[in-house]
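A.B. asks: structure for this input, please:
(chains A and B)
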Amino acid sequence: MRNILYILFLIVTTTVHSQEKMTTAEAAILKEKVKSQAAGTKTITSDFVQYKHLDFLTNDIVTKGNLAFKTPNLVKWSYVEPFVYSVIFKEENLYINDEGQKSDVNLSSSKLFKQLNKLIVNSVKGDMFNTDEFKISYFKIKENSDIHFIPINKKISKYIKAFHIQFNSKGDVIEIKMIEPSDDYTRIVFSNRVLNKTVSDAVFAH
Amino acid sequence: MRYLLISICTCLIGCVSYVKKNNFKEVTITDKVVYNPYFSDNSKDYVYKAKIDVYNKSFGGIFIVKKIAEANHRVVFTTEMGSKIFDFTFHNDDFKVNYILEEMDKKLFLNILEKDFRLLIRENVSIFSKSVKGMSEMLETKILGKKYYYAFKQGKLNSITRVKMGKEKLQLIFSDISDATAKNIQILHHNIKLTIKLKSIN
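C.D. replies: As a prediction, the model looks like this:
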């Protein structure tokens, strides 16, 4: 009897915390909100905390840093703790500064890596509502939205099983979760997100 | 026959000279087994910032080791942004590739990584001889028929060296050691251009 009660308790708790599917109308409203928000976004700066979850580890690996985005597609991703490392996504190149050691990677020869990088840049804005590329499901968590993007392209899905992007009620990205085929994942939680403040080009200089 | 004798002599000279070259003196063995404590605690996640230099390429990432059970470790390497580059399981003598980036899936490279990491996580190895110099000890061991020297300074394991014909082929150097954790580890190959540098971040 105690076990049944325990199981019931678990089911109830899980149900309370589980996500609710959006209606088609709600999904359409969110999509429009995010698209217009992304279209009006010229720059983004934000802090982030990254949690790398590997099933066999006792604790997630936590790294912290900040992000700068400038239209059309400049992104600088900087880690400041527990190490200093930055990567700039600029045209077809990645510019890396690994604790002062600079290097660059040209992606023009790899269609796959170009696609993966496009995904990272687009996920920062949240604008990934392309049904040619993803099977998309819409969920609600209280006032926020949780959208699941499952890549259709088999080459991409070998690297990423799904992107889960959480938006706040204004349509800003507050969390990105990239799930690997093994179900290990990287979760990035944004804070102090500021839109359309002037960001100098010097930020993206290597 | 003459060639055989020459090679035996060369080998003997080579083997003797590594310990002698370093001015160590052979003493009687007291312990039968040498113990590497650095990846032995299954309650710990070992997380390192890694830098790998292979020929003219250099790349960084996060290197993770977890002891799952006795003689069972997971060794994973990811980019700083979290994408997996490789994921290996070592279980006794078994080696399983759970994942490797297609571009790195080369048999030769995998063999080298398997050997390096197996040596890194191996906890117990039988001792063949022991030599000392002041507070330093050099313990000669054999793994799969190959000679390795475990060097201790003031009771702390600070390097494992594979020696062939008196010459160093591979070195694992442990430094900044506290609470059975080596905060800095270097894996140096002397016959191929491969260096792995690890710095603890947790």
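A.B. asks: not counting its neighbours along the chain, what's nearest the residue of chain B found nearest chain A?
C.D. replies: Closest to chain A within chain B is B:Gly82: 3.3 Å, counting by Cβ to the nearest Cβ. Placement of C-beta: from N, CA and C, glycine included. With sequence-adjacent residues excluded and distances taken as Cβ to Cβ, 6 or more residues apart in numbering or on different chains, B:Gly82 is closest to A:Thr186, at 3.3 Å.
A.B. asks: identify the bridge partners of that neighbour.
C.D. replies: Under DSSP bridges, the beta-bridge partners of A:Thr186 are A:Lys52, A:Met178.
A.B. asks: so what's the closest residue in space to A:Phe139 that isn't next to it in sequence up against?
C.D. replies: In space, A:Phe139 comes closest to A:Gln19 once its chain neighbours are excluded; the distance is 3.7 Å by Cβ to Cβ, 6+ apart. Taking Cβ atoms under 8 Å, 6 or more residues apart in numbering or on different chains, we find A:Gln19 in contact with A:139-141, A:146.
A.B. asks: now those as JSON lines including pLDDT and neighbour count?
C.D. replies: Output for the contacts of A:Gln19, formatted as JSON lines (pLDDT from 0 to 100; neighbours: other Cβ atoms under 10 Å in any protein chain shown):
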{"residue": "A:Phe139", "pLDDT": "96", "neighbour count": "17"}
{"residue": "A:Lys140", "pLDDT": "93", "neighbour count": "16"}
{"residue": "A:Ile141", "pLDDT": "90", "neighbour count": "12"}
{"residue": "A:Asp146", "pLDDT": "95", "neighbour count": "18"}
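A.B. asks: closest to chain B among these?
C.D. replies: For the contacts of A:Gln19, the closest approach to chain B (Cβ to the nearest Cβ) belongs to A:Asp146, at 19.4 Å.
A.B. asks: next one: the helix or strand where B:Asp87 lies to chain centre, how far?
C.D. replies: Using DSSP states H and E, B:Asp87 falls within strand B:84-91. In terms of Cα atoms, centre = their mean, to the nearest Å, the centre of strand B:84-91 is set 17 Å apart from its chain centre.
A.B. asks: who's in contact with that strand?
C.D. replies: A:180, A:182, A:184, B:61, B:71-79, B:95-101, B:104, B:113-114, B:117-118, B:121.
A.B. asks: hang on, the earlier thing: am I right that the residue of chain B closest to chain A sits in a helix?
C.D. replies: No: counting by DSSP: H, G, I helix; E, B strand; the rest coil, B:Gly82 is not part of a helix but coil.
A.B. asks: ok, back up a step: just the ones in strands from the contacts of strand B:84-91, please.
C.D. replies: Counting by DSSP state E, the contacts of strand B:84-91 place B:61, B:72-78, B:95-100 in strands.
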